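Asker: Any chance you can model this:
(2 chains)
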Amino acid sequence: MKNLKSIAALAMSLFMLAPSSLFASSHREAPITALDRTADVTDWYAFVSYDNPNNVTMILNVDPLLEPSNGPNYFPFDDNVIYQMLVDNNQSGIPSVAFQFRFHTEIRQPDLPVGLVGGIAGIPPITALNGKGSGGLSLRQTYTVTMLKLTNGKVTSSTVLNAGKTLYAVPTNVGPKTMPNYPELFAQGINHLGNDVTVFAGTVDDPFFIDLGATFDSVNYRGVRGSPGDPVLTAAVDADNTHNYAPDSVGGFNVNSIVLEVPITMLTVDGQLHGANTVQAVIGTYGRTARPEVTVRRSPNALQNFGPLQQVNREGNSLINELIIGTGFKDRFSEDFPVNDSQFANFVLNPVLAGVLSRAGIPVAPNPRTDLLLLVQYMPPICPACKAANAGPVADFLRLNTGIPPTPVGSQKRLGFIAGDVAGYPNGRRPIDDVVDISLRAVEGILVDSTKFGLALGDGVNTKTEGFNNSFPYVLPANSGRESDHIGPGQAGCTGLTDGICPE
Amino acid sequence: MKRIISELCTIVSVATFAAAQSITGAASTDLLPAVQSIAEGRKAISDLPKEYAGYNLLATALVRRAEETSDVSFYDQAEEALKKSLALSPDNFETEKIHVSVLLDEHEYPTALESAKALNKRALDDVTVYGLLTDANVALGNYKDAEDSAQWMLNLRRGNRPAFIRAAHLRELFGDAEGAYEMMDLAFQLTSPTETEERASILTQMGHFRLASGNPEAAEKLLQQALAAFPGHHAALGNLAQVRITQKRYAEAVVLLQQRYQVVPRAENLYDLAEALQLAGRDGEAKRAFADFETKSLPESSKKDNSNHELTFYYADHAQQSAKALKVAQQEYAWRHDVYTLDAYAWALHVNGQDAEARKQIETALAVGIRDAKIFAHAGEIALKLGDRAAAQNYLQEAVSLHTVGSEHAQLVLAQLSSPREHR
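Answerer: Numbers count the residues shown, from 1 in each chain, chains lettered A, B, ... in the order given. Below you'll find the model as predicted:
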């Protein structure tokens, strides 16, 4: 009974203090991105490539919770949004390397009432992104990839990485009649650009996993220990990296994804590979979207009124804006630069959620939470060689020690770094990393003292219903529109399985 | 003009506050918008006396009424309503914002700025607070900070009208009347036909920008539209009078300014009327109007909400009391450094023979970017007094090229400067 009261208090407190944005990775986390979904960064991943320790893969996912059947125009990237991946390699808090993606939409058959069609009215099924078999791709998108080098935030060089090569975004999976071999279309979206650079863009299965419904019901988790609402997992559930004990609310939904794999040497400050015990091995990364800015002063360029790019949304650590930043500050956080994040430092040092957990009877580490600074500064253990002088400003980057080799597939752990899998979050982030559970435990205080503040908090969603792709582009093909469903424990389609646990 | 912008910002801000708290009122639609809103506010309080929202609604309506009538007692009533609101809901964020808007309207800019900064720290995302910061910083001459705040307004909520209005104002201050017009036009497109007062205010600004660009014909069309939308709109009357002055139709300017003074009997409006009477050759009436202006202006001179700019120019240019001009200008300069204060201060220094300092101040004003014929003309005369004929010529030519109020006077000075006798 006491526990029930605690959970109820937790739920009410969360409802009061952090309405509508907790835990949803970064899906519509700020008011402004709720109104501008094509510019909404849902998730940001950066990790040393599983099959190539000399490369880093970055994934920028945007436009949340795309229902696969939602035709007729589905989910194109926005031609007016500039999508960027940014890297700080000198602990300055200011990116020195950026990769910029711009999309262009063409309507190839303006008289057609739908953007994607095939196997009907004399139009052959879509089997290719270009040339024969692509006629049904009436709405087709191409894109460019540009690498920028920056000094103190100013662009000093710019290189089009796809020079001479047209890149096509992979459309969503409409269904088997229109796209009889969707995996083949998906594979056509993988582009090798030379110099060991590989890129992919398109609509894919959203790799994020979470029990959104229980979370938004004021953290009313399924209670695997037997008490509804209980956020603590049993040891067995906690140790299970491959099954879910609650519905993966993102299961069956798609997302727009840009994936780029580049040599580490393109990212480090001196263009060299470095061992894990060096400062130079550690980079800070984030993904962002931007639109042309309406400026107070008119720009001298031809586009009157419009000046430089204005950031709309960004993500470094997956849940900083959701779990840590106050609702009245989220838009400013989304639009400001990481180097200015010291204005939000108090949210990190005194996290509201920790207080909420405490009031629910869960032991949490006391404030100020300097242990959480490792998420926003260059510090051990992600950067073992970093001293105070290397910490850099408070800046929400996803930090990655490129000198730490990837954990082999099969040995990776969903709880990443805190479970001893040092190639996992918060040392970068892989699709397999369960950032919801990791973040809950980080806020609880596991980095301070795992014996005192180490209850196994979690939502019961431990993996991705659809599974993972363990090679480039590290995301799975989009879910089929015609076969669209969202199966999870407690939902139809999962009930026939042992204890209703999904996937099989 | 600075006051009109401030009023426009207030009207739109207040309209925004009011819309946010709108109730289905039972007030008559025959009433002026502010009077109607006051009735709605009182009804809301009567219906739900324990709710703060009614008091906020009443306060915003009272501020608007104060602007309409120039009756400062409405500010006191607004403050009283806000006190009651805060008693019911201490630290209420919306109430605090309205309080800052009242402070701005009362010209308590330093206090308003500090209060707005505190609110900004409480919620970095609140666009209205950035508007309050912009207004306070503009009034105090902190233009970089004002630009930063306005830019955040534009960024945080794309396409929002209050941001466009602030940005337009800043563009004018930065010397871009054409860009200001474009920005204000965006605001106009977002204004509903039912918002007659807001439409009139925005059209008036657009007319002002056209006049500032040397296009009195386009200005007149816009100002007539404003007056059609909201008959007797005081700012439209004032700007149309400026158009008439550039057209040398002084008698009509006098009529328009008399109408404006009837609507808003503020001291600075009386000063404009006196100057127009003088231009119209009605010296006796002008003299009486100037005297009345001084009488009306002096008691408010030590307050923040004053007509000290006009009082400075009155002492400097019409009463030949240069020491008094400098004293008033110094008093204003002590707490604000906006371009109009710097201009008045520089001119007061000039008439007191302190031209080196005068030049420093007027060039500080011009460095902001503003292109105002009167300020350029003052800069030209100050430079001339210092013997810098080249600079004087440049400044005066800038004033003449604007083809607006103040250009004619600059032309006269320039002609004297270029005459053979002057050359000798």
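Asker: Do you know the pLDDT at the residue of the stretch 301-424 of chain B found nearest chain A?
Answerer: With CB to the nearest CB as the measure, the residue in the stretch 301-424 of chain B that lies nearest chain A is B:Gly369; the distance is 9.0 Å. Backbone N, C-alpha and C define where each C-beta goes, glycine included. In this model, B:Gly369 is scored at 96, pLDDT.
Asker: who touches it in this structure?
Answerer: Neighbour list for B:Gly369: B:Leu173, B:Phe174, B:Gly175, B:Asp176 [criterion: CB atoms under 8 Å, 6 or more residues apart in numbering or on different chains].
Asker: Turn the residues you listed into JSON lines, including neighbour count.
Answerer: Formatted as JSON lines, the contacts of B:Gly369 follow (neighbours: other CB atoms under 10 Å in any protein chain shown):
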{"residue": "B:Leu173", "neighbour count": "25"}
{"residue": "B:Phe174", "neighbour count": "19"}
{"residue": "B:Gly175", "neighbour count": "16"}
{"residue": "B:Asp176", "neighbour count": "22"}
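Asker: Flag every residue of chain B that's near chain A.
Answerer: Residues of chain B found near chain A (CB under 8 Å from any CB of the partner chain) are B:122-126, B:147, B:150-152, B:154-158, B:166-167, B:170-171, B:174, B:176, B:179, B:182-183.
Asker: which of these are buried?
Answerer: When burial is judged by neighbour count using 16 or more other CB atoms under 10 Å in any protein chain shown, the buried members of these are B:123-126, B:147, B:150-152, B:154-157, B:166-167, B:170-171, B:174, B:176, B:179, B:182-183.
Asker: Just the ones of the residues you listed in helices?
Answerer: When these are checked against helices (DSSP state H), the matches are B:147, B:150-152, B:154-156, B:166-167, B:170-171, B:179, B:182-183.
Asker: quick one: which of these is nearest B:Ala53?
Answerer: Of all those, B:Leu156 has the smallest distance to B:Ala53: 24.4 Å, by CB to CB.
Asker: Quick one: residues contacting the closest residue to A:Arg297 other than its chain neighbours.
Answerer: Nearest residue to A:Arg297 in three dimensions, chain neighbours excluded: B:Phe174, at 6.0 Å (CB to CB, 6 or more residues apart in numbering or on different chains). Applying CB under 8 Å, 6+ apart, one finds that B:Phe174 lies in contact with A:Val296, A:Arg297, B:Tyr143, B:Val368, B:Gly369, B:Ile370.
Asker: got it, and A:Leu86?
Answerer: A:Pro95, A:Val97, A:Ala98, A:Phe99, A:Thr285, A:Tyr286, A:Gly287, A:Arg288.
Asker: export these to TSV and tack on neighbour count?
Answerer: Listed next are these as TSV, based on neighbours: other CB under 10 Å:
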residue	neighbour count
A:Pro95	27
A:Val97	20
A:Ala98	17
A:Phe99	24
A:Thr285	26
A:Tyr286	25
A:Gly287	27
A:Arg288	26
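Asker: Return the per-residue confidence for the closest residue to B:Arg171 other than its chain neighbours.
Answerer: With CB to CB, 6+ apart as the criterion, B:Arg171 has its nearest non-adjacent residue at 3.9 Å, and that residue is B:Ala180. We note a pLDDT of 95 for B:Ala180 in this prediction.
Asker: Just to check, B:Ala180 is in contact with B:Phe209?
Answerer: Yes - under the criterion of CB atoms under 8 Å, B:Ala180 is in contact with B:Phe209, at a separation of 4.8 Å.
Asker: picking up where we left off before, between the contacts of B:Gly369, which is nearest A:Ser450?
Answerer: Nearest to A:Ser450 among the contacts of B:Gly369, counting by CB to CB, is B:Phe174 at 57.0 Å.
Asker: And the closest one, its phi and psi?
Answerer: Torsion angles at B:Phe174 (phi, psi; degrees, to the nearest 10) stand at phi -90, psi 10.
Asker: Apart from its neighbours in sequence, what residue is nearest the residue in chain B positioned nearest to chain A?
Answerer: Per CB to the nearest CB, the residue of chain B with the smallest distance to chain A is B:Ala123, at 3.3 Å. Distances taken as CB to CB, 6+ apart place A:Gly328 nearest to B:Ala123, at 3.3 Å, with adjacent residues excluded.
Asker: Same check on A:Leu319?
Answerer: Closest residue to A:Leu319 in three dimensions, ignoring its sequence neighbours and counting by CB to CB, 6+ apart: A:Ser439, at 4.4 Å.
Asker: pLDDT value on the one you found, please?
Answerer: A:Ser439 is assigned a predicted lDDT (pLDDT) of 93.
Asker: Which strand or helix spans it?
Answerer: Per DSSP states H and E: A:Ser439 is located in helix A:435-444.
Asker: Ramachandran angles for A:Val56?
Answerer: Here is the backbone geometry of A:Val56 (degrees, to the nearest 10): phi -120, psi 140.
Asker: Surely it and A:Met85 touch.
Answerer: No - the pair A:Val56 and A:Met85 fails to qualify as a contact (CB under 8 Å) at a distance of 10.1 Å.
Asker: what sits in contact with each of these two?
Answerer: Counting by CB under 8 Å, 6+ apart, no residue touches both A:Val56 and A:Met85.
Asker: roughly how far apart are A:Ser218 and chain B?
Answerer: In this structure, A:Ser218 lies at 23 Å from chain B, with CB to the nearest CB, to the nearest Å as the measure.
Asker: Quick check: that residue vs A:Ser69, distance?
Answerer: In this view, A:Ser218 and A:Ser69 are 30 Å apart by CB to CB, to the nearest Å.
Asker: same check, this time on A:Leu273
Answerer: 45 Å.
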